[in-house]
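Undergrad: from the sequence below, what's the structure:
(4 chains)
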Protein chains: 2
Amino acid sequence: MTAEPAHPPLQRTTYRHGDLRGALLLAGVEMARAGGPDAVVLREATRQAGVTPNAAYRHFADRGALLRAVSDAAQGLAADRMEAEVASALAGSHADPVTPDFARRMLRGVGTGYLGFARDEPGLFRAAFSVPDHLANSAAPAKAGAAGRSPFMILSAAVDAYAAAGILPPERRANAELFAWSAVHGLGMLVIDGPLRGLDAATVDAVTTRVLDMVERGL
Amino acid sequence: MTAEPAHPPLQRTTYRHGDLRGALLLAGVEMARAGGPDAVVLREATRQAGVTPNAAYRHFADRGALLRAVSDAAQGLAADRMEAEVASALAGSHADPVTPDFARRMLRGVGTGYLGFARDEPGLFRAAFSVPDHLANSAAPAKAGAAGRSPFMILSAAVDAYAAAGILPPERRANAELFAWSAVHGLGMLVIDGPLRGLDAATVDAVTTRVLDMVERGL
DNA sequence: TCCAAAATGTGTACAATGTCTACAATCACA
DNA sequence: TGTGATTGTAGACATTGTACACATTTTGGA
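TA: Below you'll find the predicted structure:
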């Protein structure tokens, strides 16, 4: 069941690799994509980079450090998906001034993107959001997608839009990201890595809609 | 950082162990309690049971099988906590006929119990609900607590109460467990094993309340 | 320009883990 | 009583993370 390395060892002629850190990270991301965080193995990454196992320690303190870097990268990919979904949800809307409809579309896009990423890339999703971290790091540049925003930042912007549109009273603004996030995250985890695994797509779609409805009402 | 075995090897005099399966399971549960599913290691379990590594294979096909058994046992413990919280939330209420207030207290107890378990026993929580499974097994006897009900059964009963109390229209009854579960599960995962780790208890309390409010409104 | 110090890879080694294939002790029942 | 099924044991192997010493570059002063 062990597949051959995704990236052939790629004979290297120089002593230095050139971008070993990048190569290890890339290999790690691919392993996470295929099997989630547990599938990220240091030695295999060095193998794919065509380098000795210990070379990795020049760039990552230990396996955990590599895993954290993979997690950050995966959050960046999630961000990309979320940005795309938000853009698509907002197509044809005018942003100024922020209307309730606009804000709702935006938040819905965030949730849809988040769950779309979870379903399309379960391994990366688990790597992204199942690795212990702290909220304080949630806006770190390493977690940003191509547009420069991390998933949390994207979510925050959507919640801000709610506030700007006047559909989120100021006294309930604090930490509003967190429970919106909770609702959507839970579905993702249960579906890809828990007891709801194997649920047919239609049911997942239906539950997704209901969860988003719930957030909309409950925010 | 490796603690000495929780249960001393416990010199055995007979060739047979007597209840090796039970001993391995118990050791597994303790390891999961301390470090989540990844901390469940076959050899350590056999060590604590005072037996050769391979003896485990007479009772579990492989590590995954042991882990699944641990997961089931952990769900049983979660069920116990949920039952207790429901009972406490319902104290002094009359169940017949089912009133909206009664149903709401019940569901709230379910959520509170679930999240209380997550916060008090993060390792067991992860072992219980992060191991791939199928909804079809969610009512398996192995997952039941002392009262004979699995977490999913307890949740279902609370949702049934909602329906019986007339606060959940029949057309929305289908799969209603799933998105209530999602909301609560997500908070648990984010807090104990994700980016919300390390959030102060007060914030978690506040978010918990809001999530439960949200479910109440959104169901 | 030269050369020491900092970076970066390599080689060897070790303990731990999951798991395989014999083999041994014990139990259960005909 | 003894024979086959259960349950443990012995030994072995590949894989993993990681420590320590050493080799090869690159680089920034003198």
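
Undergrad: now the element after the top helix by length along chain A, going C-ward?
TA: Counting residues, the longest helix in chain A under DSSP state H turns out to be helix A:63-90. Next in sequence after helix A:63-90, counting helices and strands by DSSP states H and E, comes helix A:100-120.

Undergrad: and that next one, what's its mean pLDDT?
TA: Average pLDDT, helix A:100-120: 97.

Undergrad: pull the CA atoms of it into CSV?
TA: The C-alpha coordinates for helix A:100-120 follow below in CSV (Å, rounded to 0.1, in the frame of the first residue of the first chain):
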residue,chain,number,x,y,z
PRO,A,100,-27.3,42.9,5.1
ASP,A,101,-27.6,40.8,2.0
PHE,A,102,-24.0,41.4,1.2
ALA,A,103,-22.9,40.5,4.7
ARG,A,104,-24.9,37.3,4.7
ARG,A,105,-23.6,36.2,1.3
MET,A,106,-20.1,36.9,2.5
LEU,A,107,-20.4,34.8,5.7
ARG,A,108,-22.1,32.1,3.8
GLY,A,109,-19.3,32.0,1.3
VAL,A,110,-16.8,31.7,4.1
GLY,A,111,-18.6,28.7,5.5
THR,A,112,-19.2,27.1,2.2
GLY,A,113,-15.5,27.5,1.3
TYR,A,114,-14.4,26.1,4.6
LEU,A,115,-16.6,23.0,4.3
GLY,A,116,-15.8,22.7,0.6
PHE,A,117,-12.1,22.5,1.5
ALA,A,118,-12.8,20.0,4.3
ARG,A,119,-14.7,17.7,1.9
ASP,A,120,-12.3,18.0,-1.1
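
Undergrad: list the buried residues in stretch A:209-219.
TA: Buried residues in stretch A:209-219, counted by 16 or more other C-beta atoms under 10 Å in any protein chain shown: A:Arg210, A:Val211, A:Leu212, A:Met214, A:Val215, A:Glu216, A:Gly218, A:Leu219. No exception for glycine: its C-beta is placed from N, CA and C like everyone else's.

Undergrad: on that earlier part again, anything in the longest helix of chain A near chain B?
TA: No - Helix A:63-90 stays clear of chain B (C-beta under 8 Å from any C-beta of the partner chain), getting no nearer than 8.9 Å.

Undergrad: list the buried residues for that helix?
TA: Neighbour-count burial for helix A:63-90 flags A:63, A:66-86, A:89-90 (criterion: 16+ other C-beta under 10 Å).

Undergrad: how about stretch A:49-58?
TA: In stretch A:49-58, counting by 16+ other C-beta under 10 Å, buried: A:Ala49, A:Gly50, A:Val51, A:Ala56.

Undergrad: which pair of those residues spans the longest distance?
TA: Distance extremes for the buried residues of stretch A:49-58: the farthest pair is A:Gly50 and A:Ala56 at 12.3 Å, using C-beta to C-beta.

Undergrad: which bits of chain A sit near DNA strand C?
TA: By C-beta under 7 Å from any atom of the strand, the residues of chain A that approach DNA strand C are A:Tyr15, A:Arg16, A:His17, A:Gly18, A:Leu20, A:Val51, A:Thr52, A:Pro53, A:Asn54, A:Ala55, A:Arg58, A:His59.

Undergrad: specify the local secondary structure of the second one.
TA: Applying DSSP: H, G, I helix; E, B strand; the rest coil to A:Arg16 yields a three-state assignment of coil.

Undergrad: what backbone torsions are found at it?
TA: Here is the backbone geometry of A:Arg16 (degrees, to the nearest 10): phi -80, psi 150.

Undergrad: look up how far A:Ala23 lies from it.
TA: 12 Å (C-beta to C-beta, to the nearest Å).

Undergrad: and stretch A:65-75, C-alpha only, in PDB?
TA: Below are the C-alpha coordinates for stretch A:65-75, written out as PDB (Å, rounded to 0.1, in the frame of the first residue of the first chain):
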ATOM      1  CA  ALA A  65       8.000  21.700  13.700                       C
ATOM      2  CA  LEU A  66       7.600  20.300  10.200                       C
ATOM      3  CA  LEU A  67       4.000  19.400  11.000                       C
ATOM      4  CA  ARG A  68       3.300  22.900  12.200                       C
ATOM      5  CA  ALA A  69       4.700  24.300   9.000                       C
ATOM      6  CA  VAL A  70       2.600  21.900   7.000                       C
ATOM      7  CA  SER A  71      -0.400  23.000   9.100                       C
ATOM      8  CA  ASP A  72       0.200  26.600   8.200                       C
ATOM      9  CA  ALA A  73       0.600  25.900   4.600                       C
ATOM     10  CA  ALA A  74      -2.600  23.900   4.600                       C
ATOM     11  CA  GLN A  75      -4.400  26.900   6.200                       C
END
